[in-house]
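> Return a 3D structure for these sequence lines:
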Amino acid sequence: MEKLSTRSLELLAKERVARLATADQYARPHIVPIVFVYEHPVLYTPIDGKRKSVEDWHELRRIKNVETNGRASVLIDFYSENWSKCAWVRMDGVADILIKGEDHRHVLSLLAARYAQYRNLPLGDAPVVRVRVEHISQWHG
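Numbers count the residues shown, from 1 in each chain. As a prediction, this is how the structure comes out:
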């Protein structure tokens, strides 16, 4: 797996939103904005209590896609009108869902530390999409 550059590591630490891309069993793509934490070589994103398109998190397309296809890509990017400042990192890997256990609790604590909003919208026992990164692509101007 390609090593993350210093600039890419800074991007991961600074940027607050990424995009999670999944696909169903017919390779139909689905992409959603996410919050995330990264602990090499794994990226995590919660299914938190914000309003969703469905009431039961099991019915979310990203969850169904992870369960049926298991592949995911995450794009973290920064845009500037000065293109020499633009940067992106794409992480491709195998995804699954964490719903309990020590890893789950650890990730929820990392997310709560990174995003102050979770102080007012606690994660409780929120499920977490775990992407075990197998391939990294990165670019910066």
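> Quick check: mean pLDDT of stretch 106-117?
Mean pLDDT, computed over stretch 106-117, is 95.
> May I have the beta-bridge partners of Leu75?
Arg19, Arg90 (DSSP bridges).
> how about it, what does it touch?
Contact analysis of Leu75 by CB atoms under 8 Å, 6 or more residues apart in numbering lists Ala18, Arg19, Ala21, Trp88, Val89, Arg90. Using the backbone N, CA and C atoms, a C-beta is placed for each residue, glycine as well.
> which of those residues has the most neighbours?
Using other CB atoms under 10 Å as the neighbour test, the contacts of Leu75 are led by Val89, with 26 neighbours.
> From what I see, that residue and Leu4 are in contact.
Yes: between Val89 and Leu4 there is a contact under CB atoms under 8 Å: 7.0 Å.
> Name the residues contacting each of the two.
Leu12, Ile136, Gln138.
> Among the residues you listed, which ones are in helices?
In this view, the shared contacts of Val89 and Leu4 that belong to helices under DSSP state H are Leu12.
> what are the ranges of the strands in this structure?
For the chain, the strands defined by DSSP state E cover 18-23, 29-34, 37-39, 42-46, 71-78, 87-98, 128-140.
> Centre of the protein to the edge, which residue is at the far end?
Asn82 (26.6 Å; CA atoms, centre = their mean).
> What does the pLDDT read for that residue?
98.
> and if you look at Arg51?
Reading off the confidence values, Arg51 has pLDDT 66.
> Where does the prediction get shaky in this structure?
49-52 (pLDDT under 70).
> Tell me where the longest helix sits in it.
helix 102-114.
> which residues are in contact with it?
Defining contact as CB under 8 Å, 6+ apart, one finds that helix 102-114 is touched by 35, 37, 39, 44, 46, 98, 118-119, 122-123, 125-126, 128, 130.
> So which bits of that helix are buried?
His104, Val107, Leu108, Leu110, Leu111, Ala112 (16 or more other CB atoms under 10 Å).
> returning to what we had before: which one, of the strands of the chain, ends up nearest to Val54?
Val54 lies closest, by CB to CB, to one member of those: strand 29-34, at 12.6 Å.
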